[in-house]
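J.: please find the sequence and the predicted model below.
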Amino acid sequence: MENSRCKAFIECANCGSIKAAADLMGYTPSAISQLITAFEKELGLKLFVRTQKGVELTHEGYELVPVVRSYLAQEQEIYQYASELRGVTRGEITIASYPSVATAWLPEIVRRFKADYPGIQINFMEGIRENIYQLLDRNEADMGFLTWADPMPYDWIPLKEEEVLAAIPEDHPFATAEKFPVKECLNSDFILGSWGHEREIMNIFNKNKIHPEIKYTTYDTPATLALVRMGLGISLVNELSARFWSEDLVKLPLDPPAFVTFGVAVNSRNHMTNAARKFLEYTESYFAED
């Protein structure tokens, strides 16, 4: 199976356009079309249909995307391993993470890693849990930095616990308290992140047997805390996510206290590329020092 055919297929799937894929790969549109046609003949499948806007995957093409990505990743692993044996480390790592991790922890880890492995290209893809799961499932990311939630369908490497805090407006009745009773969430409009699917917070509610009225849902912590600052409700956020937000709101530990565990999820620790494995080693070393 030719590498160029697989890459042309993936780029066309990503771009939805033969011309855009050609520009990315440095080919002519005609050459990309020939590669796709040859790939379809080789597999005996119709992979794309042409539209006015470009090309769209057929059902068979859509099902094939993660398989081809996995094939290319395994091929890359061979070359990366060979380059390490030659004493020259090259490759590429794609990291999916919460924005909070990308802001607070990853820059220093990357700085240390790049000092020793300057030939490795690193790509960041930020999102909520569902985004990270999707990227891992499609083999578009080598690893995902996020918090533990049951079920965890990947190999899991725990890194650090962070306390969950109540974020409340400055004029809230509990603004001067030392702690915020979790059951008080029942008495205020609640703002929930991750489009209303923030599993870590829902687990806290379930553990305390409460079901607050969720009045607003947001994508990520900055939008959540902006609503809190405007007095539109309260929320629960982990300390890392709220680290850079202290003005015009109050952050209090919970009663009873609650914590979330940050870590790294990978499809298989035994089948990572060498570059990704090295980066994971640097990550674990960073948190071991902490």
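T.: Great, that's in hand.
J.: show me where the chain has helices.
T.: 3-15, 18-25, 29-43, 59-85, 99-104, 106-116, 129-137, 199-208, 221-229, 274-289 (DSSP state H).
J.: mean pLDDT lowest where, among the ones you listed?
T.: Among those, helix 59-85 carries the lowest mean pLDDT, a mean of 84.
J.: in it, which residues are buried?
T.: Within helix 59-85, the residues that count as buried by 16 or more other CB atoms under 10 Å are 61, 64-65, 68-69, 71-73, 76-77, 80, 83-84. Bear in mind the C-beta positions are built from the backbone N, C-alpha and C, glycine included.
J.: list the helices and strands that helix packs on?
T.: When contacts are defined as 3 or more CB pairs under 8 Å, 6 or more residues apart in numbering; DSSP states H and E, helix 59-85 packs onto helix 3-15, strand 91-97, helix 274-289.
J.: again, 7 Å this time
T.: On a contact count with 3 or more CB pairs under 7 Å, 6 or more residues apart in numbering; DSSP states H and E, helix 59-85 meets helix 3-15, helix 274-289.
J.: tell me the angle it makes with helix 129-137.
T.: Per axes from the mean of the first three to the mean of the last three CA atoms, to 10 degrees, the angle that helix 59-85 makes with helix 129-137 is 70 degrees.
J.: domain parsing for the protein?
T.: 1-88, 161-260 (automatic domain parsing).
J.: tell me which of those is the most buried.
T.: Comparing those by mean neighbour count (mean count of other CB atoms under 10 Å), domain 161-260 ranks first with a mean of 18.
J.: go through the chain and flag its longest strand.
T.: Secondary structure assigned by DSSP state E gives strand 155-168 as the longest strand of the chain.
J.: how about residues contacting that one?
T.: 148, 174-175, 180, 204, 225, 228, 234-240, 242, 249-254, 257-266, 268-269, 280, 284, 287, 290 (CB atoms under 7 Å, 6 or more residues apart in numbering).
J.: got the helices and strands packed on helix 59-85 as CSV, with distance to residue 211 columns?
T.: Formatted as CSV, the helices and strands packed on helix 59-85 follow (distance: least, CB to CB, whole Å):
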stretch, distance to residue 211
helix 3-15, 41
helix 274-289, 35
